[in-house]
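Undergrad: A predicted structure for the sequence below; I have some questions about it.
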Amino acid sequence: MMTLDRCHTKISRKIVEILMLGCVVFFMSGCDTSRDSAVPVSISGPTMGTSYSIKLSELPVGVIQEGLHKNVDDILERINDQMSTYRQDSELSRFNRFAGRDWFDVSPETAQVVREALSVSLKSGGAFDVTVGPLVNLWSFGPQQRSRKVPSDGEIKDTLAIIGYQHLKVRTKPPAMQKLVDGLEVDLSAIAKGFAVDQVAELLIQRGVKGFLVEIGGEIRTHGTKANGSPWTVGLELPADDQRSVQEVINLGDHALATSGDYRNFFIQEGKRYSHTIDPRTGRPVEHRLASVTVIAERCMSADAWATTLMVLGPEKGYEFAVGQDLAVVFVIRDKDGFSRRPTPAFNKIIATQEKSG
């Protein structure tokens with residue numbers, strides 16, 4: 001599984017404005033956020049060890065920007081208190097320290113995300129696994145001191161004994177989690193950002209915002225259009241180790257998008273490259289040619305989890321799995337001469353539909 005938040009590299013998305021007029025008008029308008037004119041609005045701030053950025057086509061009548069900004073911050077702060085592994089007093093950190101086998105009470109939101117994670121784990125045969133953290137640390141991709149050493153077979157075997165989604169249980173009524181082995185830890189970073197994007201998006205819809213783009217640490221969801229009526233466009237980054245450039249620009253429509261890749265975080269020992277994408281089934285970094293994978297879905301939580309899953313499965317098995325699950329995905333694969341692009345039929349269908357509507 002792609003390593004989680006602390007070492008889980010979700011590719012930073014560069015939002016590409018094909019028609020810059022709306023952006024220019026915003027900056028030239030300064031603090032003018034009149035609700036009687038379609039003036040675009042931006043909200044941003046730090047969260048979840050990264051940052052968030054929100055663009056609104058306009059503020060609905062009766063909605064004040066400062067109040068909406070606070071509402072967004074309150075949602076993100078609550079999710080951090082529930083699911084952060086950096087906060088020692090978060091629900092998840094307390095669960096990870098819990099040594100018993102009894103049910104551990106959590107919030108409905110945490111139970112919902114864990115339930116979704118376990119569903120993806122089951123469907124993917126364990127390619128997605130939120131208990132993989134100890135393996136991530138073992139391979140020097142976690143927050144601990146990084147030795148950049150390849151662990152021994154014995155160390156890998158011992159660590160595999162304390163991970164595994166099958167050792168984690170969750171219930172929603174009442175919401176609680178349970179460990180079935182000692183030492184089990186959960187890190188939701190490969191799915192929690194997507195959940196946070198969805199929560200913010202739902203808030204904006206409830207408040208009557210007609211068009212928006214929400215981005216948290218590279219996870220994106222869009223709705224409606226920009227202030228000038230043009231669609232929200234997103235640039236997909238070329239997965240190169242030594243440069244940052246846009247490979248493809250898409251009209252996302254009312255969808256969410258997440259991308260995972262292995263080209264920002266790796267180490268080389270004795271001429272061999274070790275990716276930070278750890279397969280929880282083997283305990284070792286993946287060795288396939290898949291450089292990045294981008295998933296489009298209705299919910300960002302789903303796109304987030306599937307992007308991680310497919311990075312583990314690789315270009316062949318991942319593609320077959322994505323087609324079988326009717327997932328909208330584009331795979332970028334390393335070739336001798338650079339990269340090749342392989343979209344699924346569902347991805348092509350969404351892009352074609354959005355191009356017609358745009």
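TA: Looks like it came in fine.
Undergrad: residue contacts, Asn96?
TA: Residues in contact with Asn96 (CB atoms under 8 Å, 6 or more residues apart in numbering) are Thr85, Glu185, Val186. C-betas here are computed from N, CA, C, even on glycine.
Undergrad: Can you tell me how far it is from Asp182?
TA: Remark: distance between Asn96 and Asp182 (CB to CB, to the nearest Å) = 12 Å.
Undergrad: Mark which of the contacts of Asn96 are part of helices, please.
TA: Using DSSP state H, no member of the contacts of Asn96 falls in helices.
Undergrad: so which helix or strand takes in the closest residue to Ile351 other than its chain neighbours?
TA: Spatial nearest neighbour of Ile351, excluding adjacent residues (CB to CB, 6 or more residues apart in numbering): Ile250 at 5.9 Å. Here Ile250 is covered by strand 246-251, with elements defined by DSSP states H and E.
Undergrad: Where does the prediction get shaky in the protein?
TA: Counting by pLDDT under 70, the chain has low-confidence residues at 1-39, 142-147, 238-245, 263-271, 273-274, 358.
Undergrad: Now do the helices in it.
TA: Counting by DSSP H, the chain has helices at residues 21-29, 65-83, 91-97, 108-123, 133-138, 153-160, 189-206, 300-313, 315-324, 345-357.
Undergrad: Tell me the buried residues in the last one?
TA: When you say that, I think you mean helix 345-357. Ala346, Phe347, Ile350, Ile351, Gln354 (16 or more other CB atoms under 10 Å).
Undergrad: Redo those residues as TSV? Include distance to Ala192.
TA: Shown next, in TSV, are these (distance: CB to CB, whole Å):
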residue	distance to Ala192
Ala346	25
Phe347	24
Ile350	25
Ile351	27
Gln354	27
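Undergrad: I'd like to know which of those is nearest to Ser340.
TA: Nearest to Ser340 among the buried residues of helix 345-357 is Phe347, at 14.7 Å by CB to CB.
Undergrad: wait, the closest one sits on Val329?
TA: Yes. Using CB atoms under 8 Å, Phe347 makes contact with Val329 at a distance of 5.5 Å.
Undergrad: shared neighbours of those two, anything?
TA: Counting by CB under 8 Å, 6+ apart, the common neighbours of Phe347 and Val329 are Ile296.
Undergrad: any idea which of the contacts of Asn96 is closest to Glu219?
TA: Distance to Glu219 across those (CB to CB) is lowest for Thr85, with 17.3 Å.
Undergrad: The nearest residue to that closest one once chain neighbours are set aside: neighbour count?
TA: Excluding its sequence neighbours, the residue lying closest to Thr85 (CB to CB, 6+ apart) is Asp187, at 5.2 Å. Close neighbours of Asp187, defined as other CB atoms under 10 Å, add up to 27.
Undergrad: Can you report phi and psi for Asp187?
TA: When read as degrees, to the nearest 10, the backbone of Asp187 gives phi -130, psi 120.
Undergrad: Check the gap between it and Gln65 for me.
TA: Using CB to CB, Asp187 is found at 34 Å from Gln65.
Undergrad: Excluding chain neighbours, give the residue nearest to the residue most central in space within the chain in space.
TA: Taking CA atoms, centre = their mean as the criterion, Asp304 is the residue nearest the geometric centre of the chain, at 3.7 Å. Closest residue in space to Asp304, ignoring its immediate chain neighbours: Gly194 at 2.9 Å, by CB to CB, 6+ apart.
Undergrad: tally of neighbours for that neighbour?
TA: Neighbourhood size, Gly194 [other CB under 10 Å]: 33.
Undergrad: And it, how far from Asp153?
TA: Gly194 sits 34 Å away from Asp153, going by CB to CB.
Undergrad: now do Ser189
TA: Counting by CB to CB - Ser189 and Asp153 are separated by 27 Å.
Undergrad: Comparing the two, which residue is more hemmed in?
TA: Legend: neighbour count by other CB under 10 Å for Ser189 and Asp153, higher for Ser189 (26 against 9).
Undergrad: Hmm, that one is touching Thr85, no?
TA: Yes. Between Ser189 and Thr85 there is a contact at 7.0 Å, judged by CB under 8 Å.
Undergrad: who are the neighbours in contact with the closest residue to His69 other than its chain neighbours?
TA: Closest residue in space to His69, ignoring its immediate chain neighbours: Ile43 at 5.0 Å, by CB to CB, 6+ apart. By CB under 8 Å, 6+ apart, the contact set of Ile43 is Ser53, Ile54, Leu56, Gln65, Leu68, His69, Val72.
Undergrad: hey, what's the third one bridged with?
TA: Beta-bridge pairing for Leu56 (DSSP bridges): Val41, Phe212.
Undergrad: Would you confirm that it contacts His69?
TA: No. Using CB under 8 Å, Leu56 is not in contact with His69, being 10.7 Å away.
Undergrad: between the two, who's got more neighbours?
TA: Set Leu56 next to His69 and count neighbours by other CB under 10 Å: Leu56 wins out with 27 against 15.
Undergrad: contacting residues around that one?
TA: With CB under 8 Å, 6+ apart, Leu56 has these contacts: Pro40, Val41, Ser42, Ile43, Leu204, Val209, Gly211, Phe212.
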